[in-house]
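Asker: Fold the following.
(2 chains)
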There are 2 protein chains.
Amino acid sequence: MKAMPISQAFTLIESGPVVFVTTFDGVKNNIMTISWIMVMDFTPRFAMTTGPWNYSYHAIEYSKECVIAIPTVNLIDQVVGVGTCSGTDTDKFEKFGLTPMKGRHVGAPLIDECLANIECRVVDIVEKHNIVVLEGVEAYFDGDREEQRTLHAVGDGTFIVDGSRLDRREMMRSKLPQGF
Amino acid sequence: MKAMPISQAFTLIESGPVVFVTTFDGVKNNIMTISWIMVMDFTPRFAMTTGPWNYSYHAIEYSKECVIAIPTVNLIDQVVGVGTCSGTDTDKFEKFGLTPMKGRHVGAPLIDECLANIECRVVDIVEKHNIVVLEGVEAYFDGDREEQRTLHAVGDGTFIVDGSRLDRREMMRSKLPQGF
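Answerer: Prediction:
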């Protein structure tokens, strides 16, 4: 998994894939499945809705760190599995055959099987709205793999797979950040 | 366009489509293209990143209302066009051939050409992070149309079109809100 420019990491989230968020609470690694997440700026900052009802929240609150990992379609059963059990009584890396990898900046692990990973620090927690504001500090992308289609959770138990890609770069030139 | 249960409207946003947001500032209608938006709960609440740099922001701040409209792939050039000009000097409904329709609860218009529309009220503006918190009050869905594929903005000038849909409703049963 190669480093990618952190200034382009927002493109991993903007299209709305369902993601894994990993944490390390000082003792053990955990994972949750999240689709309530958005880009906030090109730094990049991300906002994610979570709260005390998620076991991972306590690790985020305590460590002020996490990793956002982007699964592809072949991991759909891990996405659903991780999202329907709890780290209180489950080692989700072991149960779902996912491989934690050491990052460079945060204690939370990257996930080797994912298309991309973003190491993040917590910038703020807007408690009133259960919004965690994250700043990406390093991003990794596995460009060599064949399967690059991400998943979009609809929220009713179905998932949309990435289809074709349309190019409007020329029309959007005036609005794109530098580097594209 | 038929009403849909407001408790299911979060499914229109959770998968991460690029959306139009319409406003009415007391004098005229306007539209912006937004992909920095997420679900916050099943009420449903949504969070959207915007600020004074968007002309529409002033109408949102003033009226405390907007409509989220979901375009399908055939509207890609309207999505890009709306996102690359400003309401300061453009009537975007006229320029892009979009038809404003009166909603029931808010002054901002629905867009007739869109797959779905959600009338929203502003619940809060988290100024520190430029996050507008919205509550959906009524939703509409055009289930009769053939084209239902939405677009996902990558952020680099390309757009991913909805591909196939995978069903994991049984596996997710324990986590789905009532009604699915």
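
Asker: ok, now which ones touch residue A:159?
Answerer: A:18, A:76, A:79, A:151, A:152, A:153, B:165, B:166, B:168 (Cβ atoms under 8 Å, 6 or more residues apart in numbering or on different chains). Heads up, the C-betas are built off the backbone N, CA and C, glycines and all.

Asker: List the beta-bridge partners for the fifth one.
Answerer: The reference is to residue A:152. For residue A:152, the beta-bridge partners are residue A:160 (DSSP bridges).

Asker: distance of it from residue B:116?
Answerer: For residue A:152, the distance to residue B:116 equals 15 Å [Cβ to Cβ, to the nearest Å].

Asker: just the first one next, same as before
Answerer: Distance of residue A:18 to residue B:116, given as Cβ to Cβ: 20 Å.

Asker: In chain A, mark out all the strands, start to finish.
Answerer: Remark: strands assigned in chain A by DSSP state E are A:2-4, A:19-24, A:29-34, A:37-41, A:45-49, A:65-70, A:100-101, A:110-111, A:116-126, A:131-141, A:151-153, A:158-167.

Asker: close enough to count as contact, residue A:129 and residue B:41?
Answerer: No. Taking contacts as Cβ atoms under 8 Å, residue A:129 lies outside contact range of residue B:41: 9.4 Å.

Asker: who's more crowded, the two?
Answerer: residue A:129 (19 against 14; other Cβ atoms under 10 Å in any protein chain shown).

Asker: which residues sit in contact with residue A:28?
Answerer: Counting by Cβ under 8 Å, 6+ apart, residue A:28 makes contact with A:87, A:91.

Asker: Per-residue pLDDT of the spatially most central residue of chain A, please?
Answerer: The residue lying closest to the centre of chain A (Cα atoms, centre = their mean) is residue A:68, at 2.6 Å. On pLDDT, residue A:68 comes in at 98.

Asker: so what's it closest to, chain neighbours aside?
Answerer: Leaving aside its chain neighbours, residue A:68 sits nearest to residue A:118 (4.5 Å; criterion: Cβ to Cβ, 6 or more residues apart in numbering or on different chains).

Asker: From what I see, the one you found and residue A:11 are in contact.
Answerer: No. Look at residue A:118 against residue A:11 with Cβ under 8 Å: they stay out of range, at 10.9 Å.

Asker: Between those two, which has more neighbouring residues?
Answerer: Using other Cβ under 10 Å as the criterion, residue A:118 and residue A:11 rank with residue A:118 on top: 29 against 23.

Asker: what sits opposite that one in the beta ladder?
Answerer: Taking DSSP bridges, one obtains residue A:68, residue A:139 as the residues bridged to residue A:118.

Asker: Residue A:65 against residue A:108, yeah?
Answerer: Yes. If you go by Cβ under 8 Å, residue A:65 and residue A:108 touch, sitting 5.4 Å apart.

Asker: which residues do the two both contact?
Answerer: Common neighbours of residue A:65 and residue A:108 (criterion: Cβ under 8 Å, 6+ apart): A:23, A:24, A:119.

Asker: Run through the residues that contact the residue nearest to residue A:49 when sequence neighbours are not counted.
Answerer: Spatially, and ignoring its direct neighbours in sequence, residue A:49 is nearest to residue A:36 (4.0 Å; Cβ to Cβ, 6+ apart). Contact analysis of residue A:36 by Cβ under 8 Å, 6+ apart lists A:48, A:49, A:50, B:14, B:38, B:39, B:40.

Asker: now residue A:75
Answerer: A:113, A:114, A:151.

Asker: For residue A:158, see how far away the last one is.
Answerer: Taking Cβ to Cβ as the measure, residue A:151 and residue A:158 are separated by 10 Å.

Asker: more neighbours, these two?
Answerer: Legend: neighbour count by other Cβ under 10 Å for residue A:151 and residue A:158, higher for residue A:151 (27 against 17).

Asker: Quick one: residues contacting the closest residue to residue A:64 other than its chain neighbours.
Answerer: Using Cβ to Cβ, 6+ apart and skipping the chain neighbours, the partner closest in space to residue A:64 is residue A:122 (4.2 Å). Listed by Cβ under 8 Å, 6+ apart, the contact partners of residue A:122 are A:60, A:61, A:64, A:65, A:66, A:132, A:133, A:134.

Asker: Hmm, residue A:121 and the third one touching each other?
Answerer: Read it as residue A:64. Yes. Between residue A:64 and residue A:121 there is a contact at 6.2 Å, judged by Cβ under 8 Å.

Asker: Residue of chain A closest to chain B, please.
Answerer: residue A:16 (1.1 Å; Cβ to the nearest Cβ).

Asker: What pLDDT is listed against the residue lying closest to that residue once chain neighbours are set aside?
Answerer: Closest residue to residue A:16 apart from its sequence neighbours, by Cβ to Cβ, 6+ apart: residue B:16 at 1.1 Å. For residue B:16, the pLDDT comes out at 98.

Asker: And for residue A:178?
Answerer: pLDDT, residue A:178: 84.

Asker: One more: residue A:78?
Answerer: 98.

Asker: Share the number of residues neighbouring it, please.
Answerer: When counting by other Cβ under 10 Å, one arrives at 21 neighbours for residue A:78.

Asker: ok, now which ones touch it?
Answerer: Residue A:78 neighbours (Cβ under 8 Å, 6+ apart): A:71, A:96, A:97, A:98, A:113.

Asker: Now which of these would you call buried?
Answerer: Neighbour counting with 16 or more other Cβ atoms under 10 Å in any protein chain shown marks A:71, A:96, A:98, A:113 as buried within the contacts of residue A:78.

Asker: Most widely separated two among these?
Answerer: A:71 and A:96 (10.5 Å; Cβ to Cβ).
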